[in-house]
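Chemist: sequence and predicted structure, then a few things I'm wondering about:
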Amino acid sequence: MKNRKNCVSKFRFALLTAICAISVTSAAVFSQAVFRADDGQTTDAVFSEQHVGETVDLTDAIAEMEKQEEAEEKKAVEAAAAEKARQTQVQEIDGVQYTVHQQLPIAEPSLSPEQAQNVSIVVHKADHLLTVYNGESVIAQYSVGLGSASAEGAKEKEGDKRTPEGEYYICVLNNQSKFYLSLGLSYPNANDAARGLESGLITQAQYDSIMASLAAGEQPDWYTPLGGQIMIHGQKGSLGGQTDWTTGCVAVDNEVMDILWKYCKVGTKVTILP
């Protein structure tokens, strides 16, 4: 889409350049001066101007190109929406309706745990995608399941079944999780705590406690009205990274959880985007 816009802009510039060239050239075209001397009369210089200032009106052509560009953009948006609808469906599993999406094949990261010394994770909720980085390089991508109400936005309070959005870090490694393995996240973060304090959801004392824990790189208070215990964790039966089934956590298949367990540690940065 961006490339098409650049092409149109370049074409417009070329047209304007051509128009200017036509105008300048036309204004410079004159017939040769014809000098006559009749019967001793004073010599006259006769100039014939041709096409002075003539330009070509390309307004209609540009407007037509803009119209075609808008039609292509609309078509691309509609195609993307149709593809997203095709990939995301509602299915009944064990008597419960869940949002189910297409799942990426599971592959080992491109670097070994020993080679990957600067690991971070980015979760794109809209794409149900977890990306593992080493520095700025992508080394793996996996499908994720989210909170069952995550389509309504970011987590705001306990029990809303939404996955939070923001900058977090892994603060707990739990190998006794009821969902196979889990990596506890530092929700609520400073922004979450500030929002909770401003809205009256948490007290000043709770806010101060959360901020002190975050400053120390520790687990913040998970037991306030803001909610807590947000994890990246494994499956519940057949429910894993293909279904939005959690109460706010990020779920992956157990095989993916085994991989993340080897690459992540306390302090690993986790960014969750809309």
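Modeler: Arrived safely, thanks for sending.

Chemist: report the buried residues of stretch 156-173.
Modeler: For stretch 156-173, the neighbour count (16 or more other CB atoms under 10 Å) marks 156-158, 160-166, 168-172 as buried. Glycine gets a C-beta too; all of them are placed from N, C-alpha and C.

Chemist: how far off centre is it?
Modeler: 19 Å (CA atoms, centre = their mean, to the nearest Å).

Chemist: equivalent analysis for stretch 121-130, please.
Modeler: 9 Å.

Chemist: so residue 147 sits right up against residue 163, yeah?
Modeler: Yes - at 4.3 Å, residue 147 counts as touching residue 163 under the criterion of CB atoms under 8 Å.

Chemist: now, which of the buried residues of stretch 156-173 sits nearest residue 262?
Modeler: residue 170 (13.3 Å; CB to CB).

Chemist: angles on the backbone of the closest one, please.
Modeler: phi -80, psi 120 (degrees, to the nearest 10).

Chemist: so who does it touch?
Modeler: Shown in contact with residue 170 (CB atoms under 8 Å, 6 or more residues apart in numbering): 183-186, 232, 264-268, 270.

Chemist: and it, bridged to which residues?
Modeler: residue 185 (DSSP bridges).

Chemist: quick one: stretch 198-215 to chain centroid distance?
Modeler: The mean C-alpha position of stretch 198-215 is separated from the chain mean by 30 Å, CA atoms, centre = their mean.

Chemist: to what extent is residue 223 buried, counted in neighbours?
Modeler: 10 (other CB atoms under 10 Å).

Chemist: distance check, it against residue 102.
Modeler: 36 Å (CB to CB, to the nearest Å).

Chemist: residue 253 against residue 235, yeah?
Modeler: Yes - the criterion here is CB under 8 Å, and residue 253 meets it with residue 235 at 6.0 Å.

Chemist: who's in contact with the helix or strand where residue 192 lies?
Modeler: Element membership for residue 192, per DSSP states H and E: helix 190-199. Identification of contacts with helix 190-199 by CB under 8 Å, 6+ apart yields 155-157, 164, 166, 188, 201-204, 206-207, 210-211, 214, 220, 224-226.
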